[in-house]
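**Student:** mind looking at a prediction? Sequence and model below.
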Amino acid sequence: MKKKKILIIDDDPRNIFALSATLRAKSFDCLSCTSAEEAIQLLKTDEPIDAVLIDMMMPEMDGYEAIPLIKKIESRVEVPVISVTAQAMVGDREKCISAGADDYISKPIDVDKLLQVLSKIQ
């Protein structure tokens, strides 16, 4: 069984490090990008990616702008995009889902909940 590859998009390298370490310990492979623009360019390649975790609050292009662009990449339409936000305000989940996210998780990340969300990946 091949490891699932997760793309982590976050402007804070500390978040990338923490998420990558956690996911690698659970037998996932991880790639990371520190901007949505960089991630979109990567997603336009043929790099195999099974899911995307995207921070919703980033400078330049936030997750709300990036998710619809990711979903427009023909080869990535079926790739689950999971929004990650520290805001966790009323209505955030609905706002993320309406932007095109397949699921939502708030920071600080509950690892068990994250693993449950990722377990849905085909």
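**Tutor:** On my side now, so go ahead.

**Student:** relative to I9, how far out is D46?
**Tutor:** 18 Å (CB to CB, to the nearest Å). C-beta here means a position set from N, CA and C on the backbone, and glycine is covered the same way.

**Student:** neighbour count winner among the two?
**Tutor:** Taking neighbours as other CB atoms under 10 Å, D46 and I9 compare with I9 leading, 30 against 6.

**Student:** ok, now which ones touch the more buried one?
**Tutor:** The contact partners of I9, by CB atoms under 8 Å, 6 or more residues apart in numbering, come to 32-36, 39, 52-55, 58, 63, 66.

**Student:** make it 10 Å
**Tutor:** 16, 31-40, 42-43, 52-56, 58, 61, 63, 66-67, 70, 81, 84 (CB atoms under 10 Å, 6 or more residues apart in numbering).

**Student:** other SSEs contacting the helix or strand of the chain with the lowest mean pLDDT?
**Tutor:** Using mean pLDDT, DSSP states H and E, helix 92-98 stands out as the lowest-scoring helix or strand of the chain, at a mean of 87. Helix 92-98 is packed against helix 63-71, strand 81-85, strand 103-106, with contacts defined by 3 or more CB pairs under 10 Å, 6 or more residues apart in numbering; DSSP states H and E.

**Student:** just to revisit the earlier point, now, which of the contacts of I9 lie within helices?
**Tutor:** If you go by DSSP state H, those have 16, 36-40, 42-43, 63, 66-67, 70 in helices.
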